[in-house]
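Peer 1: please find the sequence and the predicted model below.
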Amino acid sequence: MATDSRRAGAARALAASLVFVAMLFASLSLWTAIPLSWIYIGSKVSHTQFPSEGPYFVVAAGIIVSIVLIAWLIGRLNRLYIQITGTNRLTPMRPTWLKSMRDTPAAPGTTTVVEAVLMGSVLLAALCLTVWFFFLAGSPIPNQ
C-alpha cells in the first residue's frame, strides 16, 4: 500500500511538472512566437513594400486575439495545476542547512504559480533580447 501512494505521489509530481512546463512555454510564446508569427503573416498578406492599413490591422488584431487565447489557456492550465496539487502557491525553496528546527510555516504571501511562470517568461525574453542586441544583431552604423 505504501508503494501505491508513492507511485501516486510521483505521478502527481510528474503531472504537475508537465503542466508547469506547458504554462511556461505558453507564456514565453506571448513575447516570442505570437508577435513574430503575426508579423510574418502580415508580410505575406501585403503585396507591396508600402502596404495600406490592411496588413497592419491583420497583425494587430491577430496579436490581440492570440494573446487573449493564450491567457485563457494559461488560466485553464493553472486550474489543472490546482486540481493536481491542491494549491496554486509555490513553496519557498530554502536549503535544508538553513532551516531551523523550529522553522515556521511559509507566509501566506508566497508566490503563485502563474506569477512565477509569467515573471520567468519575461526574464527569459529579456535575456534573449539582450543577447540578440549585443551579440547577434550587428552594428547599424555602416563600415567605411
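Peer 2: On my side now, so go ahead.
Peer 1: quick one: the longest helix anywhere in the chain to chain centroid distance?
Peer 2: Scanning the chain for the longest helix, with DSSP state H as the assignment, gives helix 53-85. Centroid displacement of helix 53-85 relative to its chain, using Cα atoms, centre = their mean, to the nearest Å, is 11 Å.
Peer 1: what packs against it?
Peer 2: Helix 53-85 is packed against helix 2-31, helix 33-45, helix 113-131, with contacts defined by 3 or more Cβ pairs under 8 Å, 6 or more residues apart in numbering; DSSP states H and E. Every C-beta, even on glycine, is put in place using the N, C-alpha and C of the backbone.
Peer 1: could I get these as a markdown table with mean neighbour count, distance to Ile70 and mean pLDDT?
Peer 2: Compiled in a markdown table, these are given as follows (neighbours: other Cβ atoms under 10 Å; distance: least, Cβ to Cβ, whole Å; pLDDT from 0 to 100):
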| stretch | mean neighbour count | distance to Ile70 | mean pLDDT |
| --- | --- | --- | --- |
| helix 2-31 | 14 | 5 | 85 |
| helix 33-45 | 14 | 7 | 91 |
| helix 113-131 | 15 | 11 | 88 |
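Peer 1: export the ones you listed as a markdown table, with columns for distance to Ala61.
Peer 2: Listed next are those as a markdown table, based on distance: least, Cβ to Cβ, whole Å:
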| stretch | distance to Ala61 |
| --- | --- |
| helix 2-31 | 16 |
| helix 33-45 | 9 |
| helix 113-131 | 22 |
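Peer 1: of the ones you listed, which is nearest Gly75?
Peer 2: Using Cβ to Cβ as the criterion, the shortest distance between Gly75 and the helices and strands packed on helix 53-85 is 8.0 Å, found for helix 113-131.
Peer 1: which helices and strands sit right next to that closest one?
Peer 2: When contacts are defined as 3+ Cβ pairs under 8 Å, 6+ apart, helix 113-131 sits against helix 2-31, helix 53-85.
Peer 1: okay, those in a markdown table with distance to Ala116 next?
Peer 2: Listed next are the helices and strands packed on helix 113-131 as a markdown table, based on distance: least, Cβ to Cβ, whole Å:
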| stretch | distance to Ala116 |
| --- | --- |
| helix 2-31 | 9 |
| helix 53-85 | 11 |
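Peer 1: no further questions, thank you.
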